[in-house]
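> Test case, fold it:
(one chain, ligands or ions: 2)
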Amino acid sequence: MIEQIKANFTESIQTKIAAGEVLPESIFKASQMMVDALIHGNKILSCGNGGSAGDAQHFSSELLNRYERDRPSLPAMALTTDSSTITSIANDYSYDEVFSKQVRALGQAGDILLAISTSGNSRNVINAMEAALSRDMTIVALTGKDGGEMAGLLGPNDVEIRVPSSRTARIQEVHLLVIHNLCECIDDSLFPEQDAE
Ligand SMILES: O=C(CO)[C@@H](O)[C@H](O)[C@H](O)[C@H](O)COP(=O)(O)O
Ligand SMILES: [Zn+2]
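Numbering: from 1, shown residues only. Ligands and ions are numbered 1, 2, ... in the order given. This next block holds a predicted model:
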């Protein structure tokens with residue numbers, strides 16, 4: 001197991017190095033889409049399953065509260081947190097609808113959906129993207145592997161940030177780094193005068 005643990009560290013580091021070569025432009029583009037939405041009074045909704053649900057909440061908490069510097073709260077909402085809403089939608093309709101029904105209720109034109117899936121094939125995330133497109137929202141998709149079905153849904157105004165790995169855990173580890181970079185770019189763009197701690 002010790003060798004396996006070491007190999008996991010090595011693989012994670014190598015995945016981050018590979019991602020650092022190919023993802024910075026799309027991360028920056030996604031951050032500027034978010035900045036533009038926030039400047040215009042729009043908000044960011046986020047969703048994903050399992051570890052990606054945690055990532056969706058990690059991102060929204062950093063906008064609603066803060067990332068590294070004191071600055072005003074920014075409007076974001078994870079669609080993964082309201083157990084009453086999620087269980088009733090899953091119970092009465094389908095688990096595939098748990099995010100899309102919330103997007104149709106809360107999403108407004110100009111808002112952004114941060115859609116997170118390592119496979120790109122989670123049906124409830126795909127349905128949330130379709131709901132977002134029907135609401136004239138734009139999409140930032142964090143994916144991995146071959147981008148899955150999610151990659152094929154994106155238009156020219158959307159951004160896919162696809163981690164070059166086929167292993168779910170390694171992809172998730174890079175997704176968190178992507179989220180922190182998005183937060184840093186947003187803060188630098190909107191609040192350049194506030195110093196990071
Ligand atoms: O955290 C992990 C694995 O590291 C799991 O909970 C994982 O997120 C779940 O299996 C998800 O359902 C996978 O969904 P996705 O990334 O393919 O959309
Ligand atoms: Zn995990």
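> Stretch 106-119 near ligand 1 at all?
Yes - counting by Cβ under 6 Å from any ligand atom, ligand 1 is contacted by stretch 106-119 at Ser117, Thr118, Ser119. Using the backbone N, CA and C atoms, a C-beta is placed for each residue, glycine as well.
> Could you give the backbone dihedrals for the second one?
Translated: Thr118. Main-chain torsions, Thr118, degrees, to the nearest 10: phi -70, psi -30.
> Let me see the mean pLDDT of the biggest helix by length in the chain.
Longest helix in the chain, counting residues (DSSP state H): helix 168-190. Helix 168-190 shows a mean pLDDT of 98.
> So which elements touch it?
If you count contacts as 3 or more Cβ pairs under 8 Å, 6 or more residues apart in numbering; DSSP states H and E, helix 168-190 packs onto helix 2-22, helix 24-39, helix 51-64, strand 138-143.
> and ligand 1, which of those is closest to it?
Closest to ligand 1 of the helices and strands packed on helix 168-190 is helix 51-64 (Cβ to the nearest ligand atom; 2.7 Å).
> Would you mind pulling the contact partners of the closest one?
Around helix 51-64, the neighbours that count as contacts under Cβ atoms under 8 Å, 6 or more residues apart in numbering are 44, 46-48, 73-81, 114, 116-118, 122, 125, 142, 168-169, 172, 175-176, 179-180, 182-183, 186.
> any idea how far the closest residue to Val125 other than its chain neighbours is from Glu173?
Closest residue in space to Val125, ignoring its immediate chain neighbours: Ser117 at 4.7 Å, by Cβ to Cβ, 6 or more residues apart in numbering. To Glu173, Ser117 is 15 Å away according to Cβ to Cβ, to the nearest Å.
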